[in-house]
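Visitor: only the shape, not the letters, is given here:
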């Protein structure tokens, strides 16, 4: 998909990002992106574990009168 992007295009993109967000905001954006990716991967692992080994408590229901 991005095979046609060369070094010149990447430099232009980085320059535009720097102008739009400023040098002080870029680390915060990268940190937020990293946290979001970690949370997504953790949620994905949790779902995969639930699918592979469902909890035995899901089938039990308590009836109180």
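Guide: It's in. Computed from a prediction, not measured in an experiment: that's the story for all the values here.

Visitor: after the lowest-mean-pLDDT helix or strand in the chain, which helix or strand is next? Please name it.
Guide: Lowest by mean pLDDT, DSSP states H and E among the helices and strands of the chain is helix 7-21, with a mean of 88. Proceeding N to C from helix 7-21, the next assigned helix or strand is helix 26-52, under DSSP states H and E.

Visitor: orientation of that following helix relative to helix 7-21 in degrees?
Guide: For helix 26-52 against helix 7-21, the angle by axes from the mean of the first three to the mean of the last three Cα atoms, to 10 degrees is 100 degrees.

Visitor: against which helices or strands is helix 26-52 packed?
Guide: helix 7-21 (3 or more Cβ pairs under 8 Å, 6 or more residues apart in numbering; DSSP states H and E). Yep, even glycine has a C-beta here, placed from its N, CA and C like the rest.

Visitor: which helices and strands sit right next to the helix it packs on?
Guide: Using 3+ Cβ pairs under 8 Å, 6+ apart: helix 7-21 touches helix 26-52.

Visitor: what separates the helix it packs on from the chain centre, distance-wise?
Guide: 4 Å (Cα atoms, centre = their mean, to the nearest Å).

Visitor: and for residue 26, the neighbour number?
Guide: Summarising burial for residue 26: neighbours were counted as other Cβ atoms under 10 Å, giving 14.

Visitor: contacts for the least confident helix or strand of the chain next, please.
Guide: Contact with helix 7-21 is made by 26, 29, as judged by Cβ atoms under 8 Å, 6 or more residues apart in numbering.

Visitor: gap between that helix and the chain center?
Guide: Using Cα atoms, centre = their mean, the offset of helix 7-21 from its chain centre is 22 Å.

Visitor: go on, stretch 12-31?
Guide: Distance, centroid of stretch 12-31 to centroid of chain: 19 Å (Cα atoms, centre = their mean).

Visitor: ends of it, how far apart?
Guide: 22 Å (Cα to Cα, to the nearest Å).

Visitor: for the least confident helix or strand of the chain, buried residues please.
Guide: Within helix 7-21, no residue counts as buried by 16 or more other Cβ atoms under 10 Å.
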